[in-house]
Structures are given as structure tokens and as C-alpha cells.
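Q: here's my sequence, what's the structure:
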Amino acid sequence: MKSEILTLDPCDFADPAYAERFSPAFTRYVELKVNGVPSEHACIQAFKMIANRIDMSNLSSLALALDTNPWVTARVEQGILNADPEDLWQSDGSHALHALLAMLKHPNVRDTVKLQAIDRLNLLRGIMKIGENGSILIDTALSDFDKLVKKQKSTDNGTKH
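A: Predicted coordinates:
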């Protein structure tokens, strides 16, 4: 049994009174935005668009309306001011690692950006270091790369069908 697909109006999403009326979903959107989630993804999650069978053909317009809604913008700004930087970006590098891996594996990211992400990942993992004059120093011996290549080949051979 299929239920009807619902359509949301961007004019509602730009209205502070509408945001107040449906504050739990709008508050969740604010939380996601404070944590750096892109607007369209935050919209899908906060309003449970897939689970609620909401038409996403106007998702960009809904997200733009949310990002211009004074109710939302004031709370996002306040949320950023009140946020503990450690909660937003872990000092152990785990968030950076996750963000860089996401860029590296995303099919729409340009190769030049992927190469930069690889450099940053190598810096985080200690494979590379920055020298005094800004030059990149490889901190792994050639024999270590050889071991890594052999390990990768054995892993690839084990996964081929």
C-alpha cells in the first residue's frame, strides 16, 4: 500500500511562525546545521523527508528557505556561539580524518582536491611531515611502501570474485 507523496512549500519554511509551530523539526535542523551538516542533508534528516514520503524535487528551495528564515538563522548563530569547539571538531583529528576520507571517496570531488586530501591524511597519520621551509618530508621508508603494496595486492586477490 503506497501513500500519497507530500509536497512542502518553501514559503512555509521561510516563515518564522511556521518554524515555531513545528519547532521540533526546525530545532533538529538547527542542531544539524550547527554541526556542519549541509543544508539539503539537514533538511532531509530533520523533516524525515524519506520516511514521510515527502517530495524532494524542490529540496534546494526548501533548504534555501530554511537558511533565510530568521527563526533558524538566529538559532544557528546562537548555537555556533554556544557550541564547545571540541564537540564540533575533535582535537584528536577524528573529525578531520572522517571529513578527508569522505572527500577522497566522493565521486564528484575533483582529483586535485582528492590529492590534497591524501596529503592531509598522510600528515594526520604521520606518514608525511612538513619541513622547516614548508617542504613535505616522507616519514616512511621505501621498504615500508613495498610492504604496503604487497599487503594491498594480497587483500585485492582475496576479494576478487
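Q: which residues of the protein score low on pLDDT?
A: 1-2, 90-92, 139-149, 152, 155-161 (pLDDT under 70).
Q: again, only using 50
A: 160-161 (pLDDT under 50).
Q: helices of that one, start to end?
A: Using DSSP state H, the helices found in the chain span residues 10-13, 16-21, 23-34, 39-46, 59-68, 70-82, 85-88, 94-105, 111-125, 142-159.
Q: can you say which of these is nearest to residue 3?
A: Closest of the helices of the chain to residue 3 is helix 39-46, at 18.0 Å (criterion: CB to CB). Any C-beta I mention is one placed from the backbone N, CA and C, and that applies to glycine too.
Q: tell me the domain ranges of this protein?
A: 10-85, 94-154 (automatic domain parsing).
Q: near the nearest residue to residue 58 once chain neighbours are set aside, how many other residues are there?
A: Of all residues not flanking residue 58 in the chain, residue 10 sits nearest, at 6.5 Å (CB to CB, 6 or more residues apart in numbering). Around residue 10 there are 17 other residues, counting by other CB atoms under 10 Å.
Q: surely residue 10 meets residue 57?
A: No. The pair residue 10 / residue 57 is not scored as a contact, 11.7 Å apart, by CB atoms under 8 Å.
Q: that older thread, and the gap between the residue nearest to residue 58 and residue 44?
A: 15 Å (CB to CB, to the nearest Å).
Q: also residue 134?
A: 41 Å.
Q: out of these two, which sits in the busier spot?
A: Using other CB under 10 Å, the more surrounded residue of residue 134 and residue 44 is residue 44, with 20 against 6.
Q: if we can go back for a sec, distance to residue 3 added to the helices of the chain, as JSON lines?
A: What follows is the helices of the chain, written out as JSON lines (distance: least, CB to CB, whole Å):
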{"stretch": "helix 10-13", "distance to residue 3": "20"}
{"stretch": "helix 16-21", "distance to residue 3": "23"}
{"stretch": "helix 23-34", "distance to residue 3": "19"}
{"stretch": "helix 39-46", "distance to residue 3": "18"}
{"stretch": "helix 59-68", "distance to residue 3": "19"}
{"stretch": "helix 70-82", "distance to residue 3": "28"}
{"stretch": "helix 85-88", "distance to residue 3": "38"}
{"stretch": "helix 94-105", "distance to residue 3": "33"}
{"stretch": "helix 111-125", "distance to residue 3": "41"}
{"stretch": "helix 142-159", "distance to residue 3": "41"}
